[in-house]
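Asks: Predicted model and sequence follow; I will ask about them next.
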Protein chains: 2
Amino acid sequence: MTNKHIQGFSKLSKEGKIEWIANTFSTYPEETIQILSSFWQTDRACQKVFDGFSENTISNFHLPYGIAPNFLIDGEFYAVPMVIEESSVVAAAASAAKYWSVRGGIKTEILGTTKIGQVSFKWSGSKTILEQHFEQIKTAMIAEVGEITLNMNKRGGGILDIALVDLSKDVDQVYQIKASFETCDSMGANFINTCLEQFAVTLKQYAINHLSQSGDLEVVMCILSNYTDGCVVKAYVECPVEELKVPGDDNNHVDLSEKFKTAVDIAIADPYRAVTHNKGIFNGIDAVVLATGNDFRAIEASGHAYASRTGQYRSLSTCTIQDGIFRFELELPLAVGTVGGLTKLHPLAKLSLEILDNPSASQLMSIIAATGLAQNFAALKSLVTTGIQRGHMKMHLQNILNQLEATEEENATIVSTIGEQQISYTSVRKMIEDMRTTV
Amino acid sequence: MTNKHIQGFSKLSKEGKIEWIANTFSTYPEETIQILSSFWQTDRACQKVFDGFSENTISNFHLPYGIAPNFLIDGEFYAVPMVIEESSVVAAAASAAKYWSVRGGIKTEILGTTKIGQVSFKWSGSKTILEQHFEQIKTAMIAEVGEITLNMNKRGGGILDIALVDLSKDVDQVYQIKASFETCDSMGANFINTCLEQFAVTLKQYAINHLSQSGDLEVVMCILSNYTDGCVVKAYVECPVEELKVPGDDNNHVDLSEKFKTAVDIAIADPYRAVTHNKGIFNGIDAVVLATGNDFRAIEASGHAYASRTGQYRSLSTCTIQDGIFRFELELPLAVGTVGGLTKLHPLAKLSLEILDNPSASQLMSIIAATGLAQNFAALKSLVTTGIQRGHMKMHLQNILNQLEATEEENATIVSTIGEQQISYTSVRKMIEDMRTTV
């Protein structure tokens, strides 16, 4: 057991790290070293950039970078870069984008761009005392954070509000400074956290100077909130019901809209369905979030919490059919940046933003929400018509055949032999091996 | 506007796709083509595998692949592969892993491995009729799905139960077949969806044969549920309070445990804090999910829905201090696979599983949950002591300096000049440009 742990791993060179991993955890160390290095960028300066993004880095994990063209969003055409390892997602987004591009396109609306940060602290004194001093505390905070907010103010952002929150009913003696911010085109995490840590310094000093007779004040922690329910976008499509046709199935188009709406209503009512439904939305969302160098964990956490804001986890999209008009809508929080973070540091993130015509953060919110809506539309359309399994298995079989380096002939033979059968990697490999032995 | 949309994009060759993107959306088409191709795998067969994972693929998006060593989980040491673009995450996981490796390590417990699938359908007749026929419908379903479940049954899995759910109070006439499955070491999506689509065929046929006098039955959709609240793992650490020391701060160790617990309690009580808190957990979770070729959107959706199961979105981790014992625990659903999907198709996913000693799906659940717990522990420890901002900015500055290809001298000068100042890409670039001009 002792050989599987190590002192000073982070201080080893990259080669040293790889060697230890290969020799300690791998049956074929040479092959392991070869695989890890085969994923390095050939440009060494570029590789150094990637190594610096994180710690103990030994290789790069590749995810497919694809394009979903023909997105008509608020009157402009976009080709949307998507990073995703799951098959059918890009094809689905592209298909829905094209479908809606001849039905008026996807429209969006920014409902807000405010972000939240919190300083949590314990206060042993009375709430009244805190409240009495709060205006002065606030004034001191804004004054002392002045230098930090200077540049953000110039860009039109900064601190919007500072409020006092009483959490003491739930957690003994705990209160919070809840500040809201406008961070313009940056996601804003660094700006907000820096402001909050300054607020904490001011708060502690104020307590020492003015509140020491009334109670003890201890700061617990300062950090932005990823629950950005004030930074929300809505995307929607609408058309007359009679235009909602499934190609090749023109006669019962009204049925499709009703069945589609039923599928959405089920995802609103049933959490077991809602989770899968929203997961499909995030297939589209995260693919663009990743491609543009944004943080998908933040987007996921906020979006799913938003889905549970009524007290039950529900669909983020809704569907109505009124006065002959079909309308399908998605609303969710999306705190993204188009400056700062990795947006300029990752060459493909930077390129993605260029392909999207260097959008503002709000425009990027619109593009991402539109992609999520398109994804959801395509998934539901497929689910209520042909089902999803046939397409999935076809894609999965092709992945296996590519991995096994099947020739075109082998590919054709196996596809026709398998037909609608269940497949596994092992069964397909056996088929190929049998074919190759026979030849 | 017309030149920004296209017919038949998916049918273009990879080169054709890249050319259209570069010429239509880029200011420097030549450079765009060069950047996209610089991220291709040099091994063409391997690149073909990546191209096949998704659609309209034109490049590979690189994410850093790093290692967090010294994870002692259920008595075994692991070096955990993590794929993440965010700085500090791998360092935090490694630091917490090491911290707990000398305090008994991280323990885990699998609370269940059951997965759910649903066939939603509309039924215009009475609920009683459906209920009366349900045992027969169930029997027919299990019989007719026999060939599909054969292999899974051999591996010890298969269908566990089939139940009827009445959703008609929420969505007019809607009922569901809710089936539960054991899918062993596979994530199970393809198996479950294939079973469900067969259930739907059986159900429709049964309705035609036996229920046509009593009402109309229409299948709306068949799909697995990503809400895997029956596939849940718990990970925890515990030690006497006096052993919970912050290095270099040995005298007030009791204070750390209390403050740590307060931080967790705040994340249980306050959704604004809970989202960020859980986001940190998923920083660790998703990094391993990605590295092992699993689907992080499914894991995220299920985990966050689980966080809202009480009717309010709350922390997934909990902390207790009882009888002098500090205990920190994480519980969440984690439906992952170690066979099928991309696990064998992506060379680095396959390698990650080898580095983890080719775990079963349950063992992988334990490893992932342990990483999430370690991540959360490190983040909270940092938040309640030094704060996170200083470390973040240091990492971010290094990223910018790497991107600008700063020499070691330039690096040292800028780090010492900047000190605690706020930085941006532009300001650092200007500093370097000034230095280079002066020289």
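Replies: Ah, there it is.

Asks: How is chain A partitioned into domains?
Replies: Taking automatic domain parsing as the domain assignment, the ranges for chain A are A:1-62, A:67-111+A:230-386, A:114-225, A:392-438.

Asks: could those be laid out in a markdown table, adding mean pLDDT, distance to residue B:402 and mean neighbour count?
Replies: Quick note: C-beta positions are derived from backbone N, CA and C, even for glycine. Below are the domains of chain A laid out as a markdown table (pLDDT from 0 to 100; distance: least, CB to CB, whole Å; neighbours: other CB atoms under 10 Å in any protein chain shown):
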| stretch | mean pLDDT | distance to residue B:402 | mean neighbour count |
| --- | --- | --- | --- |
| domain A:1-62 | 94 | 4 | 17 |
| domain A:67-111+A:230-386 | 94 | 8 | 22 |
| domain A:114-225 | 96 | 17 | 18 |
| domain A:392-438 | 80 | 34 | 15 |
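
Asks: what about the longest strand in chain A?
Replies: For chain A, the longest strand by residue count, based on DSSP state E, is strand A:57-73.

Asks: quick one, whichever helix or strand comes after that one and strand B:57-73 angle?
Replies: Scanning forward in sequence from strand A:57-73 by DSSP states H and E, the next helix or strand is strand A:76-83. Per axes from the mean of the first three to the mean of the last three CA atoms, to 10 degrees, the angle that strand A:76-83 makes with strand B:57-73 is 40 degrees.

Asks: Could you check how far the residue nearest to residue A:240 when sequence neighbours are not counted is from chain B?
Replies: Of all residues not flanking residue A:240 in the chain, residue A:324 sits nearest, at 5.6 Å (CB to CB, 6 or more residues apart in numbering or on different chains). Between residue A:324 and chain B the computed distance is 20 Å (CB to the nearest CB, to the nearest Å).

Asks: Residue A:324 and residue B:172, how far apart?
Replies: As for residue A:324, its distance to residue B:172 is 20 Å (criterion: CB to CB, to the nearest Å).

Asks: one step back: return the residues in contact with the residue nearest to residue A:240.
Replies: Going by CB atoms under 8 Å, 6 or more residues apart in numbering or on different chains, residue A:324 touches A:240, A:241, A:242.

Asks: May I have the phi/psi pair for it?
Replies: With angles defined as degrees, to the nearest 10, residue A:324 sits at phi 80, psi 10.

Asks: Tell me how far it lies from residue B:18.
Replies: When CB to CB is the yardstick, residue A:324 and residue B:18 sit 43 Å from each other.

Asks: Next: residue A:52.
Replies: Distance from residue A:52 to residue B:18, by CB to CB: 28 Å.

Asks: Same check on residue A:156?
Replies: Counting by CB to CB - residue A:156 and residue B:18 are separated by 37 Å.

Asks: Repeat that for residue A:116.
Replies: From residue A:116 across to residue B:18, the span is 41 Å (CB to CB).

Asks: Surely residue A:71 and residue A:90 touch.
Replies: No. Using CB atoms under 8 Å, residue A:71 is not in contact with residue A:90, being 11.9 Å away.

Asks: what's the pLDDT at residue A:390?
Replies: pLDDT for residue A:390: 68.

Asks: any idea how far chain B is from the residue sitting nearest the centre point of chain A?
Replies: Chain A has residue A:296 as the residue nearest its centroid, 2.9 Å off, counting by CA atoms, centre = their mean. If you measure residue A:296 against chain B using CB to the nearest CB, the figure is 8 Å.

Asks: Surely that residue touches residue A:288?
Replies: No. Using CB under 8 Å, residue A:296 is not in contact with residue A:288; the gap is 9.5 Å.

Asks: what about stretch A:159-171, near chain B?
Replies: Yes. When contact is scored as CB under 8 Å from any CB of the partner chain, part of stretch A:159-171 falls within range of chain B: A:167, A:170, A:171.

Asks: Stretch A:403-419 too?
Replies: Yes. Using CB under 8 Å from any CB, a contact is recorded between stretch A:403-419 and chain B, made by A:403, A:405.

Asks: which residues touch that stretch?
Replies: The contact list for stretch A:403-419 (CB under 8 Å, 6+ apart) reads A:397-398, A:401, A:425, A:428-429, A:431-432, A:435-436, B:45, B:49, B:344-345.

Asks: still on that earlier bit, could you dump the domains of chain A into JSON lines and include distance to residue B:147?
Replies: What follows is these, written out as JSON lines (distance: least, CB to CB, whole Å):
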{"stretch": "domain A:1-62", "distance to residue B:147": "36"}
{"stretch": "domain A:67-111+A:230-386", "distance to residue B:147": "22"}
{"stretch": "domain A:114-225", "distance to residue B:147": "51"}
{"stretch": "domain A:392-438", "distance to residue B:147": "8"}
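
Asks: Which one of those lies nearest to residue B:274?
Replies: Nearest of the domains of chain A to residue B:274, taken as CB to CB: domain A:67-111+A:230-386 at 7.3 Å.

Asks: Report the distance from the closest one to the chain centre.
Replies: Computed by CA atoms, centre = their mean, to the nearest Å, the chain-centroid distance of domain A:67-111+A:230-386 equals 12 Å.

Asks: first to last residue in it, what's the distance?
Replies: Start and end residues of domain A:67-111+A:230-386 are separated by 25 Å (CA to CA, to the nearest Å).

Asks: so which helix or strand takes in residue A:370?
Replies: Short version, using DSSP H and E: residue A:370 is in helix A:361-384.

Asks: With only the CA atoms kept, save that helix in PDB.
Replies: Output of helix A:361-384 as PDB, limited to C-alpha atoms (Å, rounded to 0.1, in the frame of the first residue of the first chain):
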ATOM      1  CA  ALA A 361     -22.000  39.000 -22.100                       C
ATOM      2  CA  SER A 362     -25.700  39.700 -22.700                       C
ATOM      3  CA  GLN A 363     -25.500  38.700 -26.300                       C
ATOM      4  CA  LEU A 364     -23.700  35.500 -25.300                       C
ATOM      5  CA  MET A 365     -26.500  34.800 -22.800                       C
ATOM      6  CA  SER A 366     -29.000  35.000 -25.700                       C
ATOM      7  CA  ILE A 367     -26.900  32.700 -27.900                       C
ATOM      8  CA  ILE A 368     -26.500  30.100 -25.200                       C
ATOM      9  CA  ALA A 369     -30.200  30.200 -24.200                       C
ATOM     10  CA  ALA A 370     -31.200  29.900 -27.800                       C
ATOM     11  CA  THR A 371     -29.000  26.800 -28.100                       C
ATOM     12  CA  GLY A 372     -30.500  25.300 -25.000                       C
ATOM     13  CA  LEU A 373     -34.000  25.900 -26.400                       C
ATOM     14  CA  ALA A 374     -33.100  24.400 -29.800                       C
ATOM     15  CA  GLN A 375     -31.700  21.400 -28.000                       C
ATOM     16  CA  ASN A 376     -34.800  20.900 -26.000                       C
ATOM     17  CA  PHE A 377     -37.000  21.400 -29.000                       C
ATOM     18  CA  ALA A 378     -35.100  18.800 -31.000                       C
ATOM     19  CA  ALA A 379     -35.100  16.200 -28.200                       C
ATOM     20  CA  LEU A 380     -38.800  16.500 -27.500                       C
ATOM     21  CA  LYS A 381     -39.700  16.400 -31.200                       C
ATOM     22  CA  SER A 382     -37.700  13.200 -31.500                       C
ATOM     23  CA  LEU A 383     -39.100  11.700 -28.300                       C
ATOM     24  CA  VAL A 384     -42.700  12.300 -29.200                       C
END
